[in-house]
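Enquirer: Have a look; sequence and predicted model below, questions after that.
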Amino acid sequence: MRVLNCGIHGFHETLGLDVDEVRVFWTLEADKYAVQAAYRVVVSTSEEDVAAEPASNIDFAFDTGRISTDEQRNILCKPGGGFRSTCNYYWRVTVWDGDGVATHSEVQTFFTAYPRSQLLPPYSMNQKYMPHSSLIFRTWFEDIENKWKAVWIGDGGDKPLYIRKGFNLARKPFKAIALASGLGHFDLHVNGEPASDHVIDPGWSNYHRTVQYVGYDLTTHLDAGKNVLAAHLGNGFYAGSGTEEDRFFWPMYEDNTYVRYGNELCFFAELHLFYEDGTHDIIHTDPSWKVRKSATTLANIYASETHDKRLLPCGWTSPGFNEADWSPAKPLTGPRGLLRYQSQPPVVLHDKLEPVSTTSPRPGVVCFDLGQNASIMLHLSVEGPAGSKIMIRYSETANADGTVLMPDPLFKDFETKVFSKIYLAGTGAPEDWRPDFSFTAARYIQIEGVATEEGNGLPVVRSLFGRHISSASQRVGSMKTDKDDVNALIKASHWSLSSNIYSYHTDCPQIEKFGWLEVTHLLAPASQYVFDMEALYTKIIYDMIDAQEPSGLVPTMAPEIRYMCGPLHDTISWGGALCLLPELLFKYYGSTWVIPQVYPAAVRYMDYIKTKERLGGLIEHGLGDWGRDIAWGNLQANIETAYYYKCLQNTAMMARHLGLSEETAKYESWAARVLGVYNKELLITDDESSPYAYYTSRDNIGQRDCQAVAQAYALQFDMVPTEHISSVQNAFLASVSDNRIRSGELGLKCIFETLIDLQRPDIVLAMARQEEHPSYMRFLRQGETTFLEFWQDECRSKSHDLFCTIHEWFYAGVLGIKPKGNAYKTFSIEPPYGSEFKNVEGHVDCPYGRIEVKFSQTAEKVALGVTVPVGTRASVRIPHSSSTSIKLSRSGETMTPEKDGQYVVLRNGSYSIEFE
């Protein structure tokens, strides 16, 4: 066996961990059948000790000892006394196979920040009467080794600024780690180069509660002699740019409810330098750093920036730059929030989108079609005279002449008040521009004040392209079929998903950019097939805990940037993500890391929701099936009560995990009561006009109806009494027999999951291919490359992921991979036998390794190629129409199939299967 892909649960990067315990994982690979029989994990501050053959006489910081188990995930490492501050740690896992043969992983490493201190020492604004060295601050500086040394600094203003610190090193450090944060967002540079490929660090949070800092390994960037650390600060949501220069900023839209987190852009950093002799030096922010205003004079997160190339201090990030006219930095109070490491994946730039067409509808205006709608940062190169003004506009829709268009009259501001403005320096060479602190979703770019050729007296566009901006979450899945329209839907769905994942999961990157919470749990089953979402969902849980109100209410968005009202603020199918995500992290990643942290908040939320009960247990005060008829509130009692029941079950699960037996019984009994009321009020078994038992809604009190969404929710949430399951399934099939979609975003998920369970890909395809809306293919026939916000030909937002629940069907219902045990410890492969699909192939990198499926079928036989990772077991469903003839081979060697009912059971390895 070989040990691969070691990691720490809940953390994408590991350069600044601020916890006193971690949970680790690893994957295994083998050329033949193998099983892990035991493991040992050791952790030390000495790389040599960990790299050596683990021995009993080494005093490790933590040592699990040899544990006889096949577990590879959620392994607790908790040193006595916690981890040391600002220290490099090294860890390694040794595994033994069934024959007792040991193999070792590569040495893994992480760097700690200050696990037992989230507070920055204060730097008093009044040094004359209250210096920071005064006795009243004594306790702040006790145990200083475990506390932050840096000071928040800036220029005292709210406009973008540059910050730098030059320093001399007598020798090159063998390790250099920077821990830094800048609000709203910052770019870090060292010696003229970017410190990383990150953009818009740090992650967005409720800055009154939490401020994220980021770790950077600068070892290869620093050397003996002159060095410089430099940062560029912009506004983000921390100090949003309002309506300055008549630019659109959503939180100021309608009612001006936006209240800034702070009015001073601020930055702090600690650069930790380690030398071979054991010396540890720290360079940190203080008033000796220098500041000046940025050439970017406006940084509005909604794709509006103003940048004057004439103001750019060339070389300001490099050593030796003359900073004589720069000002000393001002020490600032800084944000109220406590510091937390940026545990989620950073935001980075991905695919390059080149224009597929260029038009000039009138002199001085050039329009570009990138061919793909996506969240982007634009890259532009222009050459022209000094002072030339260039305007850039973005949109997801274009007029016939190529100019940008916002089709929704209520949101024309996105056509007229969202733009970037650039002034050229006139260097005589192409000048490059990319937004510093903003992004948007766009396919169409309109540039004003330019030409594409010389001779017009205008600046000339030398090049233009978009870079897709999204989370750096590992891409884990890919698939294709023999149906071109399905492949096009897979592509559009993928772009819609990827365009909405940042340091939070939003539902649109152009219009709102808000952290709506329903998409987190609705799209978790879909997104986990294509992205590693564990660290991001962990961070989102922290956001929800921060957003929880004193009453226990969890709002519909986190972070919460503007106060919504009524059900737009309080809906369990949104706020209930607090209780739903911990179970999903356990189901898809085998991680229990967040349970101790989220359980108290879940208890408070359940107590709050209990006050909203009607008829002894129903909940019906929320948004219902949002997106059906846009915002009608359909099926509240069915949907909200189902989430209430699931949240109670998950709260009981968390109590059970924590060993709280009385609390477990309390929430199990509470859930059972809600289930009883649900079936008493909504389950219809005495309707003589219907051959089936079914669930009615309470949309029209006193009237019965049988809607597909109501049946699907009861089935998917396991709320149907056993004796009625078959009948409710038939009622569901009858309600979708015309192949029409009658649901919004919440109902879609359960409808598709029920059709997967009932093995009816034909109905999903017929729904998707409808000529008129609701229809997925209608989007594509209209020329769209992503999904729209509502079932409309034209609407305000065209990069919404609300309808991306169909992505789950692609992988579970067509490729056929479905997790059964936690983290895919066991999984099933159930291809769509007998469907119109004749060839399907793809893979999913599950937490134990790569699952591959290649499926083909003819009238005579079905052929499957399957790869099963070490540590897992696959169950491949046998076609109902097949005889007992099963040909199974592993690496060319014929095998006798192991059967379990209607399934062939496979251990790790690569297999060929034929059913005839």
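Expert: Done, it's in.
Enquirer: For the nearest residue to residue 539 once chain neighbours are set aside, grab the count of nearby residues.
Expert: Counting by CB to CB, 6 or more residues apart in numbering, residue 344 is the residue found nearest to residue 539 once chain neighbours are left out, at 3.9 Å. (Glycine included, C-beta is placed from N, CA and C.) Applying other CB atoms under 10 Å, we find 30 residues neighbouring residue 344.
Enquirer: Now residue 344: phi and psi?
Expert: phi -80, psi 160 (degrees, to the nearest 10).
Enquirer: check contacts around it.
Expert: Contacts for residue 344 were tallied using CB atoms under 8 Å, 6 or more residues apart in numbering; they are 12, 203, 471, 503, 535, 536, 538, 539.
Enquirer: so can I have a markdown table of these showing secondary structure, pLDDT and distance to residue 216?
Expert: Putting the contacts of residue 344 into a markdown table (DSSP: H, G, I helix; E, B strand; the rest coil; pLDDT from 0 to 100; distance: CB to CB, whole Å) gives the following:
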| residue | secondary structure | pLDDT | distance to residue 216 |
| --- | --- | --- | --- |
| 12 | coil | 97 | 14 |
| 203 | coil | 97 | 15 |
| 471 | strand | 98 | 18 |
| 503 | coil | 97 | 16 |
| 535 | helix | 98 | 17 |
| 536 | helix | 98 | 20 |
| 538 | helix | 97 | 21 |
| 539 | helix | 98 | 18 |
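Enquirer: what two of those are the furthest from one another?
Expert: Farthest pair in the contacts of residue 344 (CB to CB) is 471 and 538. Separation: 13.0 Å.
Enquirer: From the contacts of residue 344, list just the buried residues.
Expert: 12, 203, 471, 503, 535, 536, 538, 539 (16 or more other CB atoms under 10 Å).
Enquirer: For the fifth one, which non-adjacent residue is spatially closest?
Expert: Right, the one you point to is residue 535. Excluding the flanking residues, the one nearest residue 535 by CB to CB, 6+ apart is residue 12, at 4.3 Å.
Enquirer: can you tell me which residues contact that neighbour?
Expert: 343, 344, 345, 346, 472, 473, 535, 536.
Enquirer: The last one and residue 84, how far apart?
Expert: Put plainly, it is residue 536. According to CB to CB, to the nearest Å, residue 536 and residue 84 sit 28 Å apart.
Enquirer: for the third one, same thing?
Expert: Here the criterion is CB to CB. By it, residue 345 lies 26 Å from residue 84.
Enquirer: Next: the second one.
Expert: According to CB to CB, residue 344 stands 25 Å off from residue 84.
Enquirer: same question, the fourth one
Expert: Taken as CB to CB, the spacing of residue 346 relative to residue 84 amounts to 25 Å.
Enquirer: Tell me which of the two has more neighbours.
Expert: For residue 346 versus residue 84, neighbours defined as other CB under 10 Å are more numerous around residue 346 (21 against 16).
Enquirer: what about the closest residue to the more buried one other than its chain neighbours, how many neighbours?
Expert: The shortest distance from residue 346 to any non-neighbouring residue, by CB to CB, 6+ apart, is to residue 198 (4.1 Å). Look at residue 198: counted by other CB under 10 Å, it has 22 neighbours.
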